[in-house]
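Chemist: Sequence and computational prediction follow.
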Amino acid sequence: MSKQTSRKGKKAWRKNIDLADLNAGLDSARENERQFGSKTLEHADALFTVDTAGTSGDVETYHRKKKEKRLKSDEILAKRSAVPGVIGRKTKKDKKMSKEQLDMLLKKAGRRDVDNKLTEAALQADSVLETPVYDAWGDTAVSVPSRKPLSASKVVKPRSEFQGFPQSLKKVQHAGSRVAHMPKSAAPEGILRTTFGNGDHREATSHTRSTVRPSTLDHRPLIFGEDRAVEIPHGGRSYNPSVEAWQALLQEELAKEEAYEEQRLALQAEQARVQHLMDTMDDHEDKEVEYSSAEEEESEDDLEDGSVGLSINAPAREKRKTVAKRRQIREHKERERVRKQMKMEMKKIHDKMTQLAKRTQQSEQEKQDLQDLIAGGEAAEKVRTRRYGKYDILEPTLDVKLSGELTDSLRRLKPEGSLMRDRFRSLQQRGKIEARKRHNLKPKYKKKVTEKWSFKDFK
């Protein structure tokens with residue numbers, strides 16, 4: 001133990017104390033406790049041994065084994081503390097479900113009714129059919145015993161046709177409630193067990209019977225179009241079509257173009273009306289301003305005259321608004337309201353023109369073509385296409401020849417359409433590629449007018 005320094009004075013008392021030997025002793029005690037456990041709790045026989053036999057076996061073998069070096073991994077794994085682990089917080093065990101809670105869940109699942117009796121679906125699901133083991137491909141027929149009829153006191157009408165849970169064949173004891181179990185008299189070798197006597201393997205998910213019939217049951221089933229790379233074109237698009245097919249195709253395309261033209265003309269008329277109102281609004285404002293200013297001058301002249309009343313005091317200025325001022329405010333509010341309404345009308349017209357440019361009605365024609373292709377002339381059914389992307393697919397070209405363009409010779413035939421465009425549109429229609437839209441990536445810079453420093457210097 002090293003010599004301690006002087007501890008005179010209060011400040012030097014703790015400063016000059018040497019605790020190195022005490023800490024070393026405590027560390028060694030903890031290390032021994034981790035390796036061999038607490039010595040105070042063990043018996044003396046476990047702490048000491050008396051060697052009466054000496055070293056057994058060959059001395060060379062003993063020293064050779066002693067010199068063998070262990071792996072570092074084995075040494076690390078062998079270092080296990082003999083001190084027991086820290087006692088953590090006690091966790092509560094899973095609380096068992098009470099009988100009342102179990103009954104409530106069984107009632108919600110349709111296994112039991114209000115009177116706490118098993119429903120018919122539950123009895124059928126839990127029933128066990130005992131049949132002898134026989135050869136299914138044999139010649140001799142084996143009589144299968146029928147299920148015993150259920151008593152009227154136990155049969156309860158189920159609340160849903162999809163109720164009935166598959167239960168285990170073993171005896172299940174849970175919170176004092178017993179579920180269907182296998183009878184002990186049945187030997188596992190001599191019978192064939194089936195838990196579904198009614199052949200229903202569906203699991204119940206609904207609790208109550210639905211009161212309203214779904215409207216979707218009245219709808220015809222949706223079908224997807226066939227994935228054909230090349231669609232069968234209309235007969236009127238042939239280079240030498242029949243008169244009936246050509247006229248039918250011509251009338252169909254004419255009806256579509258007439259509908260587009262009517263929409264375009266209606267939008268143009270509405271746009272012209274709104275533009276006329278916006279142009280004539282300034283003229284009305286000028287006239288109203290002139291009329292209101294004239295009225296204001298007349299009212300001021302009346303106030304300056306003595307016709308209003310005689311007084312020794314100076315004429316007081318009226319703080320209330322004049323009739324002309326009120327009319328100006330009212331007309332200004334009306335103009336603002338009309339201006340806002342015109343702005344909304346212009347926005348609506350712009351949206352409608354955008355929709356017309358997209359030609360959204362072309363999708364209906366595509367569905368009709370798919371219906372004719374799939375149904376083959378029979379009753380049309382609803383067809384759902386596999387759309388990939390948020391944009392509409394490529395619009396088809398108008399491949400219709402007029403009467404003057406029809407030829408009777410392939411030499412004078414004028415080719416129309418593009419096979420590449422048709423192929424690309426077919427890939428989009430079948431959902432093989434995404435329908436995209438061309439974007440103008442050219443940046444649009446806003447013009448900004450500034451003054452040069454050379455101009456500012458001469459100001």
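Modeler: Great, that's in hand. Residues are numbered from 1 along each chain as shown.

Chemist: Just the pLDDT for residue 158.
Modeler: Residue 158 is assigned 42 on the pLDDT scale.

Chemist: swap in residue 23?
Modeler: For residue 23, the predicted pLDDT is 91.

Chemist: Just say helix, strand or coil for it.
Modeler: Taking DSSP: H, G, I helix; E, B strand; the rest coil as the rule, one finds residue 23 in the helix state.

Chemist: Let me see the mean pLDDT of the helix or strand in which residue 454 is found.
Modeler: Using DSSP states H and E, residue 454 falls within helix 453-457. What helix 453-457 shows for mean pLDDT is 72.

Chemist: same question, stretch 213-225
Modeler: Here the average pLDDT along stretch 213-225 is 74.

Chemist: Repeat that for stretch 407-426.
Modeler: Rounded mean pLDDT across stretch 407-426 is 82.

Chemist: Could you work out the end-to-end span of it for me?
Modeler: 28 Å (Cα to Cα, to the nearest Å).

Chemist: contacting residues around that stretch?
Modeler: For stretch 407-426, contacts defined as Cβ atoms under 8 Å, 6 or more residues apart in numbering pick out 228-231, 239-240, 393-394, 396-397, 399, 401, 405, 433. Quick note: C-beta positions are derived from backbone N, CA and C, even for glycine.

Chemist: would you list the residues you listed in TSV and tack on neighbour count, secondary structure and distance to residue 81?
Modeler: Converted to TSV, the contacts of stretch 407-426 look like this (neighbours: other Cβ atoms under 10 Å; DSSP: H, G, I helix; E, B strand; the rest coil; distance: Cβ to Cβ, whole Å):
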residue	neighbour count	secondary structure	distance to residue 81
228	13	coil	75
229	10	coil	73
230	9	coil	78
231	19	coil	79
239	15	coil	95
240	11	coil	98
393	22	coil	72
394	17	coil	75
396	16	coil	81
397	12	coil	84
399	14	coil	88
401	19	coil	95
405	11	coil	98
433	14	coil	66
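
Chemist: Now the two most distant members of those residues.
Modeler: Across the contacts of stretch 407-426, no pair lies farther apart than 240 and 433, at 34.0 Å, counting by Cβ to Cβ.

Chemist: State the number of residues packed around the closest residue to residue 390 other than its chain neighbours.
Modeler: Excluding its sequence neighbours, the residue lying closest to residue 390 (Cβ to Cβ, 6 or more residues apart in numbering) is residue 435, at 7.8 Å. Counted with other Cβ atoms under 10 Å, residues neighbouring residue 435 total 17.

Chemist: any chance you could read off phi and psi for residue 107?
Modeler: phi -70, psi -40 (degrees, to the nearest 10).

Chemist: That one and residue 117 touch, don't they?
Modeler: No: Residue 107 lies out of contact with residue 117 (Cβ atoms under 8 Å); the separation is 10.4 Å.

Chemist: ok, back up a step: from the contacts of stretch 407-426, which is closest to residue 334?
Modeler: Lowest distance from residue 334 to the contacts of stretch 407-426 (Cβ to Cβ) belongs to residue 393, with 47.9 Å.

Chemist: Tell me the pLDDT of that closest one.
Modeler: 82.

Chemist: Hmm, residue 430 and it touching each other?
Modeler: No: when contacts are counted by Cβ under 8 Å, residue 393 is not listed as touching residue 430 (9.7 Å).

Chemist: hmm, back to that, please name the residues that touch the residue nearest to residue 390.
Modeler: Counting by Cβ under 8 Å, 6+ apart, residue 435 touches 387-394, 428.

Chemist: Could you report the distance from it to residue 89?
Modeler: As judged by Cβ to Cβ, to the nearest Å, residue 435 and residue 89 stand 60 Å apart.

Chemist: Tell me where the stretch 251-400 of the chain has helices.
Modeler: 323-358, 362-375 (DSSP state H, counting those that start in this stretch).

Chemist: Deepest-packed of those, please.
Modeler: Of all the helices of the stretch 251-400 of the chain, helix 362-375 has the most neighbours on average by mean count of other Cβ atoms under 10 Å, namely a mean of 16.

Chemist: model confidence over it, on average?
Modeler: 57.

Chemist: Where does the prediction get shaky in the stretch 251-400 of the chain?
Modeler: For the stretch 251-400 of the chain, applying pLDDT under 70 flags the ranges 282-313, 315-318, 359-387.

Chemist: and stretch 40-51, average pLDDT?
Modeler: For stretch 40-51, the per-residue pLDDT averages 74.

Chemist: and that stretch, how far apart are its ends?
Modeler: Start-to-end, stretch 40-51 (Cα to Cα) is 23 Å.

Chemist: One more: stretch 45-61?
Modeler: End-to-end distance (Cα to Cα), stretch 45-61: 29 Å.

Chemist: if we can go back for a sec, how about the contacts of stretch 407-426 in CSV, adding distance to residue 69?
Modeler: Formatted as CSV, those follow (distance: Cβ to Cβ, whole Å):
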residue, distance to residue 69
228, 77
229, 74
230, 79
231, 81
239, 95
240, 98
393, 76
394, 78
396, 84
397, 86
399, 90
401, 97
405, 100
433, 68
